[in-house]
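Participant: Fold the following and give me the result.
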Amino acid sequence: MAQPQLKFSAQDFLCWEVGQELRYEYIHGEVYAMSGGTIEHNSASGAVFATLRQHLKGSPCRVFVADMKVDVQVSNAFFYPDVVVTCSPGDLADPKALTIAEPRVIVEVLSPSTAAYDRGAKFGHYRQLPSLQEYMLVDTETQTIEVFRRNAARRWELYPSQGLGAAVELASLNWQGSVQDCLG
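Facilitator: Numbering: from 1, shown residues only. All right, here's what the predicted structure looks like:
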């Protein structure tokens, strides 16, 4: 007989997850275990983090890698992006905070098992964040970066870059680099 799925409130999930060895994402009361990443995945996440950290030094923005949850309140969801940047004083007010609610940039490194989800349903949740200006997808296999940028009409436009030397821009952070900078 199938076991019933436990349902959590958002607050109960946050309290429960603190004691867990694994990381979990949360959507509408249900929890989903996060799988581990490959060396290639981790290297790309680290490369994006390192280049953005250097670029943002001295600015009011902070970049986080892997272990910072994004709270998408309108979706009643928490996600762990590979890299997230916030410039929100509210997000940065409490150094012991477990979540970010107002990200400016979110980066996901694609894997074959999560690429469709990251491009589709997960981006659907992220698009509901009024603060989000850019969503960057890093594909290590094809050496492609896709930056989705919110335009003045609040619609999302795609800026693709392919090949190690191709230029990549995160306009909301005034950062320019290359695909190679993001692959590690």
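
Participant: give me the number of residues near residue 136?
Facilitator: Applying other C-beta atoms under 10 Å, we find 25 residues neighbouring residue 136. No exception for glycine: its C-beta is placed from N, CA and C like everyone else's.

Participant: meant to ask about residue 73
Facilitator: Residue 73 has 12 nearby residues by other C-beta under 10 Å.

Participant: What distance do you get for it to residue 168?
Facilitator: Separation of residue 73 from residue 168 (C-beta to C-beta, to the nearest Å): 30 Å.

Participant: List the contacts of the worst-scoring helix or strand of the chain on mean pLDDT.
Facilitator: The weakest-scoring helix or strand in the chain, judged by mean pLDDT, DSSP states H and E, is strand 30-33 (a mean of 87). Contacts of strand 30-33 with the rest of the structure, by C-beta atoms under 8 Å, 6 or more residues apart in numbering, involve 5-8, 13, 17, 22-26.

Participant: Skip the chain neighbours and tell me the closest residue to the most centrally placed residue in the chain.
Facilitator: Central residue of the chain (C-alpha atoms, centre = their mean): residue 81, 2.8 Å from the mean position. Counting by C-beta to C-beta, 6 or more residues apart in numbering, the nearest residue to residue 81 once its immediate chain neighbours are dropped is residue 106, at 4.6 Å.

Participant: My read is that that neighbour contacts residue 80, right?
Facilitator: No: here residue 106 does not reach residue 80: they are 10.5 Å apart, not a contact under C-beta atoms under 8 Å.

Participant: Show me which of the two is the more surrounded one.
Facilitator: Set residue 106 next to residue 80 and count neighbours by other C-beta under 10 Å: residue 106 wins out with 26 against 17.

Participant: in the sheet, who's paired with that one?
Facilitator: Beta-bridge partners for residue 106, by DSSP bridges, are residue 84, residue 135.

Participant: So which residues of this protein form helices?
Facilitator: 10-18, 39-56, 89-92, 115-119, 121-126, 179-183 (DSSP state H).

Participant: Could you identify which of those helices is most buried?
Facilitator: The highest mean neighbour count among those, using mean count of other C-beta atoms under 10 Å, belongs to helix 179-183: a mean of 20.

Participant: any idea how far that helix is from the chain center?
Facilitator: The chain centre lies 17 Å from the centre of helix 179-183; the measure is C-alpha atoms, centre = their mean, to the nearest Å.
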